[in-house]
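>>> could you look at this predicted model? Sequence included:
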Amino acid sequence: MTGLGTAVSPDSYTQAEVLDYFGVTDRRVRLLFHNSAIETRHLTLPAIGPDGRPVHETQGELLRKHATMAVRMGSQAVRACLADAGRDLSDIDYLCCVTTTGLLSPGLSALLIAELGLGGEVGRLDVVGMGCNAGVSALKAVAGWSAGNPGALAVMVCVEVCSAIYVFDDTMRTAVVNSLFGDGAAAVAIQTGVSPPLATGGPEVLAFAGQVLPEFSDTMRFDWDDEQGKYSFFLSPDIPYIIGANVDGLVRRLLAGALVDRSDIKHWVVHSGGKKVIDSVRVGLGLTRHDVRHSVATLRDYGNLSSGSFLFTYERLRSEGVCSPGDYGVLMAMGPGPTIETALVRF
């Protein structure tokens, strides 16, 4: 892993501002928002209509919002990533685009190739619909491509326009989702077989391990809301406990496969899926609050950014300057399936 770049939608809102924007007065919903451990999120909210309330957005309008913002944030993140790596757009040999918040055909990769003016010979892959774990899942695919094409530059970009998948009504189901997610994009470059290593000194990806828990498949899902005419995302309150009960065994398998001891792990990059999710991972793995400090900070400042969250967290770790050569780290994300994905890296 070498260059890294992130981008967010232009407008940032506090939790109180979101509640006031939509005129939410229900005490239960307001408490849910204020107890989320989130202070601000970047969102692309609908315009205010003549009646002083946000205009209703149809599913078609939400899909168009996703397309517009995904191209805008995705291209910004890719450019920032390449600048960080000291590379140019013309250096990209492979582009992998990850998103769950809207369906596009042609895929986001084709749209970004056009937007960025990349050559038509660039290899590409679109990873769609996998949810918050998709970034680590796609990283495995990109690392595999890189290993098979030494010297070539691959870029993975995760783009989520979470404000394009909202439903506002009076239910606690939708309130949970509306209190949590934000808009953002994150890109990372990967190159194998470069000597000497690239100047940014990113970590080497060593191994991956994942687990799907199909017996709990209904706990995170998209449903079609006939009344609203939109897709509605559902998050079960059981998710943190399911994740917490299964994360330790998965990490043990990841490390055992690479012959690395748990005590050797210096850095933990955990998906900022929510306060209870972070706490469940921390307890399940016996981590300290210091170990998950960057996940907590990412949640506080951006909310849950879905597939790109772990890269925003990694960006904070990297900027802290505490990673020494030879340090081991674990990247982790969890999402629908439910799925937990992990990667072992060495700095």
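Structure received.
>>> how far is the longest helix seen in the chain from where the chain is centred?
Scanning the chain for the helix with the most residues, using DSSP state H, yields helix 59-85. Relative to its chain's centre, helix 59-85 lies at 13 Å (Cα atoms, centre = their mean, to the nearest Å).
>>> just stretch 15-26 next, same as before
The gap between the average C-alpha position of stretch 15-26 and the chain average comes to 25 Å, counting by Cα atoms, centre = their mean.
>>> ok, now stretch 37-46?
Shown here is stretch 37-46, whose average C-alpha point lies 15 Å from the average C-alpha point of the whole chain (Cα atoms, centre = their mean).
>>> in contact with Phe312, which residues?
Contact criterion Cβ atoms under 8 Å, 6 or more residues apart in numbering gives 6, 184, 186, 272, 298, 302, 305 as the residues in contact with Phe312. In short, each C-beta sits where N, CA and C put it, glycine included.
>>> sorry, back to before: can you pull the buried residues of the longest helix of the chain?
In terms of neighbour count (16 or more other Cβ atoms under 10 Å), helix 59-85 has its buried residues at 62-63, 65-67, 69-78, 80-82, 84-85.
>>> burial of Phe22, as a residue count?
Applying other Cβ atoms under 10 Å, we find 16 other residues in the vicinity of Phe22.
>>> from Phe168, how far off is it?
5 Å (Cβ to Cβ, to the nearest Å).
>>> between the two, what contacts are shared?
Here Phe22 and Phe168 share the contacting residues Pro54, scored by Cβ under 8 Å, 6+ apart.
>>> measure the residue nearest to Ala85 when sequence neighbours are not counted to Val155 for me?
Here the nearest residue to Ala85 in space, its sequence neighbours aside, is Gly3; by Cβ to Cβ, 6 or more residues apart in numbering that works out to 2.6 Å. Computed as Cβ to Cβ, the Gly3 to Val155 distance reads 8 Å.
>>> again, but for Val296
From Val296 over to Val155 the distance is 28 Å, taken as Cβ to Cβ.
>>> tell me which other helices or strands the helix or strand hosting Tyr13 touches.
Here Tyr13 sits within strand 12-14, counting by DSSP states H and E. Applying 3 or more Cβ pairs under 8 Å, 6 or more residues apart in numbering; DSSP states H and E, one finds that strand 12-14 makes contact with strand 40-42.
>>> what's the strand it packs on packed up against?
Applying 3+ Cβ pairs under 8 Å, 6+ apart, one finds that strand 40-42 contacts strand 12-14, helix 15-21, strand 183-191, helix 293-302.
>>> any idea which of these is most buried?
Among the helices and strands packed on strand 40-42, judged by mean count of other Cβ atoms under 10 Å, the one packed with the most neighbours on average is strand 183-191 (a mean of 29).
>>> how far is that strand from where the chain is centred?
For strand 183-191, the distance from its own C-alpha centre to the chain's C-alpha centre is 10 Å (Cα atoms, centre = their mean).
>>> which is the next helix or strand following that strand?
Scanning the chain past strand 183-191 towards its C-terminal end, the next helix or strand to appear is strand 204-212 (assignment: DSSP H and E).
>>> show me which residues of whatever helix or strand comes next after that next one are buried.
Sequence-wise, the next helix or strand beyond strand 204-212 is strand 220-225, with elements assigned using DSSP H and E. The neighbour-count criterion (16+ other Cβ under 10 Å) identifies Met220 as the buried residues of strand 220-225.
>>> and strand 220-225, average pLDDT?
On average, the pLDDT along strand 220-225 is 89.
>>> so what are the sheet partners of it and their directions?
strand 230-235 (antiparallel) (DSSP bridges).
>>> pull the residues that contact the next helix-or-strand element following the strand it pairs with.
Using DSSP H and E, the helix or strand that follows strand 230-235 in sequence is helix 239-258. Counting by Cβ under 8 Å, 6+ apart, helix 239-258 makes contact with 206-211, 213, 216, 219-220, 261-262, 265, 273-274, 276-277, 279-281, 283-285, 330, 332, 334, 338, 340, 342-344, all of which sit outside it.
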